[in-house]
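Engineer: Quick one, what's the 3D model for this:
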Amino acid sequence: MSRIGKKPIEIPKGVTVTLQDGDIQVKGPKGILNWNIPADISVQIDQNQVSVTRPSDSRTHKALHGLSRVLIANMIEGVTNGFQKVLEIEGVGYSVELKGKSLWINIGFSHPILFTPPDGITFEVPKPLQIIVKGIDKQKVGQIAAKIRSFAPAEPYKGKGIRYQGEYIRRKAGKKVGVK
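Structural biologist: Residues are numbered from 1 along each chain as shown. Next comes the predicted model:
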């Protein structure tokens, strides 16, 4: 039995989980999330718990068992607390500004980058060199944060670029000047 998959998921107060025709819907104070459950995986809802089971011990069923349980747990976590990723920008002359819902990112290109968030994602800029990506869908928050980071990933020589908060960038030594 999967160690992750066999754990029941607690449903907190204020969250409703409904199951119909192979789809699971989670409603909470922050919004609604839907997910299509794989055909072989079965989900049961009892009072304040959700449990996930698989039909056999085949490799694909084991993988889908743990995956399904974690995705449902993330849906419940998202509609109650939400998710966020913090990005930091480092570099001389680099800046980020929030205009309306869109980000204007200046990272050394000849023009600023305009980035408009998709539905369900919001941005915050508490400091001039910090971006907070927030939303209820963990996958979408991570994907948008990765896309913003891809504009200028932190480089290993001077450390300039966009990085996740707490990310360690392994620094390299620059060229050495030989003396003859």
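
Engineer: bridging residues for Leu87?
Structural biologist: Here Leu87 sits in beta bridges with Ile131, Tyr164, going by DSSP bridges.

Engineer: check contacts around it.
Structural biologist: Shown in contact with Leu87 (C-beta atoms under 8 Å, 6 or more residues apart in numbering): Gln130, Ile131, Ile132, Val133, Ala145, Ile148, Arg149, Ile162, Arg163, Tyr164, Gln165. All C-beta spots, glycine's among them, are computed from the backbone N, C-alpha and C.

Engineer: can you rerun that using 7 Å?
Structural biologist: By C-beta atoms under 7 Å, 6 or more residues apart in numbering, the contact list for Leu87 reads Ile131, Ala145, Ile148, Arg149, Ile162, Tyr164.

Engineer: Looking at those, which one is closest to Ser51?
Structural biologist: For those, the residue nearest Ser51 by C-beta to C-beta is Ala145; the value is 31.5 Å.

Engineer: and the closest one, which of the three is it?
Structural biologist: The three-state label given to Ala145 by DSSP: H, G, I helix; E, B strand; the rest coil is helix.

Engineer: is it true that it touches Lys85?
Structural biologist: Yes - between Ala145 and Lys85 there is a contact under C-beta atoms under 7 Å: 3.8 Å.

Engineer: Between those two, which contacts overlap?
Structural biologist: Contact criterion C-beta under 7 Å, 6+ apart; residues bridging Ala145 and Lys85 by contacting each: Val133.

Engineer: With adjacent residues omitted, what lies nearest to Gly161?
Structural biologist: Leaving out its chain neighbours, the residue that sits closest to Gly161 by C-beta to C-beta, 6 or more residues apart in numbering is Ala154, at 3.8 Å.
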